[in-house]
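K.L.:
this one's sequence-less:
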Ligand code: ADP
Ligand code: MG
């Protein structure tokens with residue numbers, strides 16, 4: 001009987017390998033940029049079309065390849081970077097498996113042009129779906145241009161698996177950012193659908209960071225530096241007050257390559273532990289230099305995870321380095337005097353306070369209940385002035401509920417504008433609520449004892465309010481007399497622009513300055529406290545970028561409402577006054593589903609009277 005085992009044809013083998021190495025346009029971008037860096041380029045251009053699905057082109061001025069190498073480089077395990085197995089343990093150069101180009105060529109329509117300085121003519125090679133098409137002499141400056149068209153054109157399953165353009169493009173930008181950060185001495189340009197997105201001149205790391213993220217990053221970081229026998233550490237770490245709620249720039253590089261390392265990440269977080277609130281994250285760009293034999297890079301096919309033989313020692317050294325850098329720059333004591341440190345990250349000290357005379361909104365009508373009651377002092381945003389994140393929400397909650405009750409009762413003789421009278425009145429007639437541990441509201445009801453989780457209750461209330469806001473055809477927004485500005489990085493700007501439609505639906509109106517990344521809000525949703533704009537935008541961008549299939553717009557509304565409700569709800573541990581508790585309880589039971597949070601958690605429990613009686617009768 002004939003044997004059944006057959007060797008896979010090369011094309012098939014390459015397609016299989018491609019599945020491992022090239023998962024999405026960004027993976028091809030990473031491999032090609034790293035090759036260009038390895039080739040000793042001084043200037044690298046990346047051109048992207050349709051989020052990399054139609055075109056990825058990398059142009060470099062590096063060493064170039066000989067005519068023979070232009071063909072050979074597409075063979076599997078063809079590499080100029082490993083000459084002996086020992087080299088496997090050295091990662092001074094970036095790629096080392098010789099698989100990338102073969103894999104990319106197997107799943108795309110690829111064209112390569114390359115010339116070395118010693119050659120007169122360049123070589124052009126075309127390959128489609130792993131099949132060699134042609135090789136001929138051509139003209140090209142010294143260096144290499146590789147363009148990949150229609151990635152996954154012959155692997156529909158893969159192509160269909162790709163996410164929407166904004167997600168794929170974000171991955172591409174992320175890879176570009178990593179390579180650009182690790183190679184500040186090389187110039188980079190990036191073009192998206194023909195438009196220049198980044199132009200990064202060669203320089204030092206600080207200049208590179210500012211080029212990538214914008215001038216406002218200049219004052220956000222302090223250097224970190226530490227030499228030791230095991231590892232040398234250098235880079236920049238974020239000042240605590242600039243830590244962010246949802247994400248941030250967290251970059252580790254080892255010997256010039258980006259890597260992830262949850263354990264070392266923890267070491268950095270720990271160094272910040274008393275300086276920032278638990279729910280926020282510091283930014284950092286940390287570069288480790290270490291003897292390559294101490295690193296095992298190849299534990300993950302996409303090679304972003306790295307393991308160190310001296311993991312624990314590096315953890316400790318890194319912790320000390322970050323800690324002492326924060327101490328040296330006097331970032332520790334200033335925080336201790338901030339009673340509300342956890343809430344201040346969003347109010348950078350150097351943020352401009354706008355003079356109250358410059359903008360007058362002719363449409364503002366103080367008698368229109370939907371218009372903003374803007375107090376200019378709130379827009380300044382300096383830490384001393386800003387109220388806590390949720391307080392404003394609470395005042396509102398109370399005001400609204402009091403208004404509603406008043407309408408219901410139709411109490412005569414109450415002065416509409418006298419909030420104090422309202423408050424006293426509310427306190428007098430609603431004194432049956434009791435707050436336990438600043439977390440639960442306890443009250444007696446007909447059937448027994450009602451215990452409400454204040455944070456979860458507020459989530460439900462806010463969620464239904466935002467949902468209504470989002471599905472309403474004409475959202476109710478509050479106009480700001482003094483526009484509030486935030487500044488976004490170029491990358492965030494892409495996300496922000498993509499969200500334009502939904503932001504409008506929510507009631508945001510703003511002007512965008514593409515050059516500086518400044519967004520100036522003239523209106524925001526009616527229920528939104530003014531001092532939460534930056535948090536809200538950040539949280540929404542984070543949610544937007546979460547990898548999910550693009551859902552229906554109402555699905556999106558629900559998701560946005562959910563994250564906003566989570567973010568803006570009053571936290572466990574916040575003391576509440578009687579009227580605030582009353583407002584919360586009233587509004588909770590006006591929602592459609594008071595019993596659970598949008599995430600499905602139980603909002604309150606009832607202990608039946610019978611159960612209490614039983615327990616006393618034991
Ligand atoms: P690896 O980078 O792991 O060696 P690749 O498949 O990425 O494997 O590349 C194969 C070889 O092709 C490289 O070793 C290098 O010699 C050559 N090569 C690829 N890209 C370039 C480039 N932009 N400039 C010069 N040589 C290149
Ligand atoms: Mg490579």
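P.N.:
Noted; the coordinates are in hand. Quick caveat, the model's predicted, so the values are computed rather than measured. Ligands and ions are numbered 1, 2, ... in the order given.
K.L.:
only C-alpha atoms from now on, for both contacts and neighbour counts.
P.N.:
Fine.
K.L.:
low-confidence ranges, the protein, go.
P.N.:
Across the chain, the stretches falling below the confidence threshold (pLDDT under 70) are 1-9, 11-19, 77-78, 80-97, 246-247, 297-303, 330-431, 469-475, 527, 547-554.
K.L.:
what's the longest strand in it?
P.N.:
strand 477-487 (DSSP state E).
K.L.:
what helices or strands is it leaning on?
P.N.:
Taking 3 or more C-alpha pairs under 8 Å, 6 or more residues apart in numbering; DSSP states H and E as contact, the helices and strands that strand 477-487 lies on are helix 376-380, strand 518-525.
K.L.:
state the distance from the residue in the stretch 401-550 of the chain positioned nearest to ligand 2 to residue 447.
P.N.:
Closest approach between the stretch 401-550 of the chain and ligand 2, counting by C-alpha to the ion: residue 491, at 25.6 Å. Taking C-alpha to C-alpha, to the nearest Å as the criterion, residue 491 is separated from residue 447 by 55 Å.
K.L.:
the two: which is more packed in?
P.N.:
Neighbour comparison, residue 491 and residue 447: the larger count goes to residue 491, with 18 against 11 (by other C-alpha atoms under 10 Å).
K.L.:
how about the residues of the stretch 151-300 of the chain near ligand 2?
P.N.:
With C-alpha under 5 Å from the ion as the criterion, the stretch 151-300 of the chain does not come near ligand 2 at any residue.
K.L.:
quick one, helices of the stretch 151-300 of the chain?
P.N.:
Per DSSP state H, counting those that start in this stretch, the stretch 151-300 of the chain carries helices over the ranges 156-161, 165-182, 205-213, 262-271.
K.L.:
next one: the nearest residue to residue 452 once chain neighbours are set aside from ligand 1, what distance?
P.N.:
If you skip the residues right next to it in sequence, residue 452 has residue 604 as its closest partner in space, 4.2 Å away by C-alpha to C-alpha, 6 or more residues apart in numbering. According to C-alpha to the nearest ligand atom, to the nearest Å, residue 604 stands 58 Å off from ligand 1.
K.L.:
if I pick residue 604, what's in contact with it?
P.N.:
Listed by C-alpha atoms under 8 Å, 6 or more residues apart in numbering, the contact partners of residue 604 are 450-453, 457, 595-596.
K.L.:
give me that answer again for 7 Å
P.N.:
Applying C-alpha atoms under 7 Å, 6 or more residues apart in numbering, one finds that residue 604 lies in contact with 451-453, 595.
K.L.:
which of those tops the neighbour count?
P.N.:
Most neighbours among these, by other C-alpha under 10 Å: residue 452, with 24 neighbours.
K.L.:
my guess is that residue is in a strand, correct?
P.N.:
Yes. Going by DSSP: H, G, I helix; E, B strand; the rest coil, the assignment for residue 452 places it inside a strand.
K.L.:
thought it was touching residue 601?
P.N.:
No. Residue 452 is beyond contact range of residue 601, at 11.9 Å (criterion: C-alpha atoms under 7 Å).
K.L.:
helix/strand/coil for residue 610?
P.N.:
The three-state label for residue 610, taken from three-state DSSP, comes out as helix.
K.L.:
so what's the residue count around the nearest residue to it once chain neighbours are set aside?
P.N.:
Setting aside the residues directly before and after it, residue 610 is nearest to residue 448 in space (C-alpha to C-alpha, 6+ apart), at 7.7 Å. Neighbours of residue 448 under the rule other C-alpha under 10 Å: 15.
K.L.:
which ones are touching residue 448?
P.N.:
Residues near residue 448 by C-alpha under 7 Å, 6+ apart: 606-609.
K.L.:
6 Å - rerun?
P.N.:
Shown here is residue 448, whose contacts under the criterion C-alpha atoms under 6 Å, 6 or more residues apart in numbering are 607-609.
K.L.:
narrow the residues you listed to just the buried residues.
P.N.:
Neighbour-count burial (16 or more other C-alpha atoms under 10 Å) applied to the contacts of residue 448 gives no buried members.
K.L.:
intersect the residues you listed with the contacts of ligand 2.
P.N.:
Residues shared between these and the neighbourhood of ligand 2: none [C-alpha under 5 Å from the ion].
K.L.:
ok, those vs residue 518, which is closest?
P.N.:
Nearest to residue 518 out of the contacts of residue 448 is residue 607 (C-alpha to C-alpha; 52.6 Å).
K.L.:
can you pull up the bridge partners for the residue lying closest to that closest one once chain neighbours are set aside?
P.N.:
Computed as C-alpha to C-alpha, 6+ apart, the closest residue to residue 607 that is not its neighbour in sequence is residue 449, at 5.1 Å. Beta bridges link residue 449 to residue 444, residue 607, judged by DSSP bridges.
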